[in-house]
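1. With the input below, show me the fold.
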Amino acid sequence: MMETLWTLTAIFIGLLSATISLFILKKQQSGKDYSGILFRVKTWWGMFVVFCFATLFNPVVSLLSLMVLCFFSLKEYFSMIKTRKSDRRIFLWAYLSIPVQFYWIYIGWYGMFIVFIPVYVFLFLPLPRIIRKGTLGFLRSVSFTQWGLMLMVFGLSHLAYYQFASPAFGSNLVLFLIVLTQINDVFHYLISLYIGRKKVVPSANPYITWEGFLGALLMTTGVSYLLYPYLTPFGLPFGILSGVIIGVAGFIGSLTISVLKRDLLINDKQKFETLKGSYLNRVDSLTYTSPIFFHIIRYFFDFM
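-> Take a look at the predicted model:
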């Protein structure tokens, strides 16, 4: 717990320093646009509060806070989809699957937790859309809904399972994962902004570059080397490898969500600009890093 408190304190000081520095820069250099970076800092404050609940308090409190995060992430995802009245029923059932998914976590039923959305929801979710709603747009609405559930609910719900799978190390592992994921995102954004040249998908996100990926991967691996003795039970090889795993998975997550958003909003530039500063942008990497890191640890270590 002391390691967790020290890490959270360091994050708080870092966020506070960044906020003050940005406001000073904004006043001194009023001609420059700092709105994008300021919004990122504001959303990191919000995420900091959520993940304080997820690491410091009773696992049930953590469970509820992360369930709320999944709900709003899924809601934001659905807001990007052009819907018909016939889609509303399937969206309702998608929302109802969130508490069920978290109930499996609460009772520690790993087998059902891991197959509920990928298998049972996948097979039975189309039924509300089929009955009395016709065939028009069926595949589109069902596939979009299932994609949202896989990323925003199944992927992010792994954050809650860490503490139930490993009461001794779970909260620290969540903090370790979140810190590295956010550091990876921050350095990728900054390096791409200032020195990035080779864009990966310029049509979807100009801030995803190969220079940003490599630079962020090195920084994330370095921070992982510094933090793993305090927040994890890993040895040196896996402590370093953790940074590589999270760096690569975070990059794929950001890339996937960026392309997904661009595809959904390809003819709606106004909504695309509005959602640039959304919370969905802040959890995009976690939709990949959370499950990938979880299952690698579970495969190689007995404490999970």
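2. can you list the weak-confidence ranges in the stretch 51-200 of the chain?
-> 51, 53-57, 86, 132-134 (pLDDT under 70).
3. hey, where'd the helices end up in it?
-> Taking DSSP state H, counting those that start in this stretch as the criterion, the stretch 51-200 of the chain contains helices spanning 59-79, 88-106, 110-115, 122-124, 126-130, 138-148, 156-165, 170-194.
4. Burial-wise, tell me which of those helices comes out on top.
-> Across those, averaging neighbours per residue (mean count of other Cβ atoms under 10 Å) puts helix 156-165 on top, at a mean of 25. Heads up, the C-betas are built off the backbone N, CA and C, glycines and all.
5. what's that one in contact with?
-> Contact partners of helix 156-165, identified using Cβ atoms under 8 Å, 6 or more residues apart in numbering, comprise 54, 59, 62-63, 66-67, 69-70, 73, 101-102, 105-106, 108, 110, 113, 170-171, 173-174, 177-178, 283, 286-287, 290-291, 294, 298, 304.
6. ok, now with 6 Å
-> Residues outside helix 156-165 that contact it (Cβ atoms under 6 Å, 6 or more residues apart in numbering) are 59, 62-63, 66, 70, 101, 105, 108, 170-171, 173-174, 290-291, 294, 304.
7. Closest to Lys82 out of these?
-> Using Cβ to Cβ, the shortest approach to Lys82 within the contacts of helix 156-165 belongs to Cys70, at 22.7 Å.
8. That closest one is in contact with Gly155, isn't it?
-> No. Contact status for Cys70 versus Gly155: not in contact, 9.0 Å apart, counting by Cβ atoms under 6 Å.
9. hang on, the earlier thing: just the contacts of helix 156-165 now: which is nearest Val121?
-> Comparing those against Val121 with Cβ to Cβ places Gln101 closest, at 8.5 Å.
10. And the nearest residue to that closest one once chain neighbours are set aside, how close does it get to Tyr77?
-> Beyond its immediate neighbours in the sequence, the residue positioned closest to Gln101 (Cβ to Cβ, 6 or more residues apart in numbering) is Ser157, lying 5.4 Å away. Going from Ser157 to Tyr77 by Cβ to Cβ, to the nearest Å gives 15 Å.
11. likewise Phe187?
-> The separation that Phe187 has from Tyr77, given Cβ to Cβ, amounts to 26 Å.
12. can you check Val153 too?
-> Noted for Val153: a distance of 10 Å to Tyr77, by Cβ to Cβ.
13. again with Gln101
-> Relative to Tyr77, Gln101 is positioned 16 Å away (Cβ to Cβ).
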